[in-house]
Structures are given as structure tokens and as C-alpha cells.
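**Student:** Return atomic coordinates for the entry below.
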Amino acid sequence: MKVIVIGAGWSGCAAALTAVKAGAEVVIYEKTDMVLGLGNVGGIMRNNGRYTAAEEITALGAGDLIGITDKLTRHKNLDFPNHAHAWLYDVNKIEPEVRKYILSKGIKINFESRVVDVKMDGSKIKGIYTSTGNYEEADVFVETTGSTGPMGNCIRYGNGCSMCVLRCPSFGPRVSISKCAGIDDLHGERTDGNYGAFSGSCKLAKETLDKELVNELEKKGVVVLKVPKEDVNLDKLKAKVCQQYALKEFAENIILLDTGHVKLMTSYYPLSKLRKIHGLENVKFIDPYSGGKGNSIRYLSVAPVSNDLKVVGLENLFCGGEKSGLFVGHTEAICTGSLAGHNAVRSALKFPTLVLPADTAVGDIISYANSRIKTPEGRKNRYTFAGAEYFNRMKEKGLYSIDTGRIRNRIKKLQLLGIFNKRLT
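**Tutor:** Presented below is the predicted three-dimensional model:
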């Protein structure tokens, strides 16, 4: 039995791992020359409810990628405005580690292979076509292409192509595979009704910061700098994808995190204004290169899915990551990807698919986001374990915990301990 995963971000890698554990032959198609996509410039794990989710997915048997981020952590248990116990992995070391791990499991990765169309057999996908004309068939497919780009969308809904790590001009635009199969995409919206949202952070070249500031950042992991009063822009927060950071503290301050590069917690910041701040007089953006003017636009392509992450209207396509809902973050991508990959194998074997119960944070966020995306107001929100609307719900339901034993016992009581580790064939 064969599974094709389209996209090798955090979600695609997670889907490939659970599918191969379940006993499938797995092939990944990735349009760029690296795995992890936005994970190469992210770096934040375990903040707020993401700690709970990381321990849940580990107890469920899909903690492989969490273990790699833990191993490459530069700083643990950091607090910054409205965020507690964050871990920061090294974005400059993560990609080769994950790539080696995926390959070590016998998963094949086709790099620089952009999937652009599908061959259908009724409501079933028979095979996929790449931009170079190659064709390959499989029993079931998992789409984790994300929701960012192509370049035209960043121009139409943002401030132009920001030259981000996804590099659409070089590797080609993202293509919605579910739409190729005849299913209309859903879109995230902003409060003003426009589609999409700006990615929430930038990367600065560490060597362009003042040496004393770098020393402080590498020691503490986080540095908070005051923004001059005349440069505070609260309106810009409305356009951010990461609503857990759309707080006035993130407009009134420059918040820097050490992820190997320097993570600037704002969607973009005019270079002339940034260089007014002490310690940043010579600073330079490295991702996106146009971080002084704009950032990539996300949430322009979400597939309608049921709570097992199967695309509604298709027999053999599952989705994970941002393609499966208005989710924000690496942990969210790993969790949804893991479920999608596992259920892809279940579906191909004609087994009942798994819906994680609402007694788990992972199951609850999937069902909650799935119900909310059907409403006009819900499409204007994003869903993350790390803050905003869903983290409040998580706390109200008593799902938030940093007690690893308690989290594991919860999964055990639900008879789900290690379920993603079980071979199904």
C-alpha cells in the first residue's frame, strides 16, 4: 500500500512518519530543495498550550519530530509577553537533522518536484502530475502544501513578494491539490474582510546587531526593547496571522528571540525605524529579505475536512497543517499531519478512521477550528495552542497542563497510548 505526501513542511514530515509506522510505502513530493518549509525560520515550541500538545502527540506515539526540536533547543522555559515556558530550537541546524531522520525510515523524498495536477477516477485521486510531466500513482494521498503564496497572492493581498524562505519565484507557486481534484478552497479573512494574513515574524542577521545586545540575547534567549512612541503602530496588529502575538505589547516593544538567527516578533518593520532603536543601528533582514516592507501572506488555501482530516467530497485525500484548517504553528502542523498520515493508511485499508476525542487538546482544536471555519466570524480568527481564542478555551476546558505524567495518563485512560506507533498492515 502506497501513500504520497505532497509537501515536506512540519506537517508533511509528520504525516510521512505516521504513515510509514502504520506499514505503508511512503513517497514525499517537495517543491523546494529543503524539508520543513517555514520551520526553517520559525523556532518556537512548547509555549503556553503547545507544551500540552507536544506531550499529547508524544504519548500518542508521534513524538519523533518533537524529540528532534527538543534536542536542538537553544533556550528552554523562556517567558515573554503573554507567553510562558517557551523552547527555542536552532533554525540553522534543524533541517538536516529532520531530513536525515525521514530518510532513515525508508521514506523517499522527491525534491524540486512540484505537484501541479491530479488524475481522477470518480471521487478518487488515481495519481499526481509534477510540473516536469512526471506521473505517479498511489492508494491514498496526504496534502500538506500549506496556504502561503503563490507570489501573486502576496502581491494582491500583501505588500508584494517578500522573498521569503519558500522562494516561489525560483521553485514555482504553491498549487492546491484539493482544488485540482474539484474541491473549492476556503480562505482565512482579516477583520476588514480581506483574505489572508501576514506571517508573524522576521529574522535578523545576528552579526548586524550590537555585540552587547547579542551577548544578552544569547544568554537570556529573549530581549525586549522599547519602540519610540512616534513609531508605535497598533493598527498593524490586525493583519497578523499569529493572533497570540497581536497584542499591544508587541507593538509597543521590539521583542527579539534567539533561534540561531534573531527572531523579530513582528510581521514587518520599516528598516529606517528599526535602526533608530539602540543596538539595532546596523541591523539587516535575512528572512524575509523584504521584512522592512512586508511578509508572506498565508491562509489563502484551506480544504474542507472532517474531523479525521479527510477532505470532504473525496475518497482518498487527507490534509494536515494549514491546509487542514486555520492553524498557527509548528506543533499544530505536527499534530494534524500525524493524524492525517495515520488515517490515510486506515482509509486505504478500509479501517474506520480515527477521530481524536475532545478530551484531548489535539482532538479538541481540530473539531473546534473545523466548526469555526464554517462561520464568517470564525474565518477571521486563527487557532493555536499558544494563545488567543483557542488557548482560552483550552484553559476553560481544563486541557492545559505542563504535567507530563498527567497528560500521558489522560491519553492512557482514553486507550490511545502509542496508537500512532502501531503497524496496521
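**Student:** CA atoms for contacts and neighbours, from now on please.
**Tutor:** Noted.
**Student:** sec struct for Met394, please.
**Tutor:** helix (DSSP: H, G, I helix; E, B strand; the rest coil).
**Student:** so how far does stretch 307-318 reach from one end to the other?
**Tutor:** 11 Å (C-alpha to C-alpha, to the nearest Å).
**Student:** Now do that stretch: distance to the chain's middle.
**Tutor:** 20 Å (C-alpha atoms, centre = their mean, to the nearest Å).
**Student:** And that stretch, what's buried?
**Tutor:** For stretch 307-318, the neighbour count (16 or more other C-alpha atoms under 10 Å) marks Asn307, Asp308, Leu309, Lys310, Val311, Leu314, Glu315, Asn316, Leu317, Phe318 as buried.
**Student:** residue ranges of the helices in this protein, please?
**Tutor:** For the chain, the helices defined by DSSP state H occupy 10-21, 50-59, 64-71, 94-104, 151-157, 168-171, 177-180, 211-220, 249-252, 271-274, 330-348, 361-372, 388-396, 404-413.
**Student:** Can you give the distance of the helix or strand of the chain with the lowest mean pLDDT from its chain's centre?
**Tutor:** Within the chain, no helix or strand scores below helix 249-252, which has a mean of 76 by mean pLDDT, DSSP states H and E. Averaging C-alpha positions (C-alpha atoms, centre = their mean) puts helix 249-252 23 Å from its chain's average.
**Student:** again with stretch 76-91
**Tutor:** 17 Å.
**Student:** any low-confidence regions in the chain?
**Tutor:** For the chain, the stretches flagged by pLDDT under 70 are 234-248, 250.
**Student:** Could you rerun that using 90?
**Tutor:** 81-82, 149, 190-194, 200, 228-253, 388 (pLDDT under 90).
**Student:** Centre of it to the edge, which residue is at the far end?
**Tutor:** Glu230 (33.7 Å; C-alpha atoms, centre = their mean).
**Student:** Pull the contacting residues for that residue.
**Tutor:** Glu230 makes no contacts at all, as judged by C-alpha atoms under 8 Å, 6 or more residues apart in numbering.
**Student:** ok now do the residue nearest to Met265 when sequence neighbours are not counted, which residues does it touch?
**Tutor:** Closest residue to Met265 apart from its sequence neighbours, by C-alpha to C-alpha, 6 or more residues apart in numbering: Ser201 at 4.7 Å. By C-alpha under 8 Å, 6+ apart, the contact list for Ser201 reads Lys263, Leu264, Met265, Thr266, Ser267, Tyr268.
**Student:** Could you double-check that Leu399 lies in contact with Val362?
**Tutor:** No - counting by C-alpha atoms under 8 Å, Leu399 stays clear of Val362, with 9.8 Å between them.
**Student:** the more surrounded of those two?
**Tutor:** More neighbours surround Val362 than the other of Leu399 and Val362, with 24 against 21 (other C-alpha atoms under 10 Å).
**Student:** hang on, that one packs against Cys335?
**Tutor:** Yes - using C-alpha under 8 Å, Val362 is in contact with Cys335, at 6.7 Å.
**Student:** Touching both of those two, which residues are there?
**Tutor:** Ala53, Ile57.
**Student:** Against Glu212, how distant is Lys412?
**Tutor:** Using C-alpha to C-alpha, Lys412 is found at 48 Å from Glu212.
**Student:** List the contacts of Leu186.
**Tutor:** Counted by C-alpha under 8 Å, 6+ apart, Leu186 has contacts Leu300, Ser301, Val302, Ala303, Pro304.
**Student:** burial count for the fourth one?
**Tutor:** Right, Ala303. 27.
**Student:** Show the contacting residues for it.
**Tutor:** Ser178, Ile183, Asp184, Asp185, Leu186, Val311, Cys319, Lys323, Ser324, Gly325.
**Student:** Nearest spatial neighbour of the first one, chain-adjacent residues omitted?
**Tutor:** Going back to what we said before, that points to Ser178. Per C-alpha to C-alpha, 6+ apart, closest to Ser178 is Ala303, 6.6 Å.
**Student:** what does Gly49 give?
**Tutor:** Take Gly49 and drop its neighbours on the chain: the residue closest to it by C-alpha to C-alpha, 6+ apart is Phe385, 4.5 Å away.
**Student:** ok, now which ones touch that neighbour?
**Tutor:** Counted by C-alpha under 8 Å, 6+ apart, Phe385 has contacts Asn48, Gly49, Arg50, Ala53, Glu332, Ile365, Phe391, Met394.
**Student:** thinking Cys180 is in contact with Val115, fair?
**Tutor:** No - taking C-alpha under 8 Å as the definition, Cys180 is not a contact partner of Val115, at 10.3 Å.
**Student:** Can I get the buried residues of stretch 307-318 in a markdown table including distance to Ser290?
**Tutor:** Formatted as a markdown table, those follow (distance: C-alpha to C-alpha, whole Å):
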| residue | distance to Ser290 |
| --- | --- |
| Asn307 | 37 |
| Asp308 | 38 |
| Leu309 | 35 |
| Lys310 | 36 |
| Val311 | 35 |
| Leu314 | 39 |
| Glu315 | 41 |
| Asn316 | 39 |
| Leu317 | 35 |
| Phe318 | 34 |
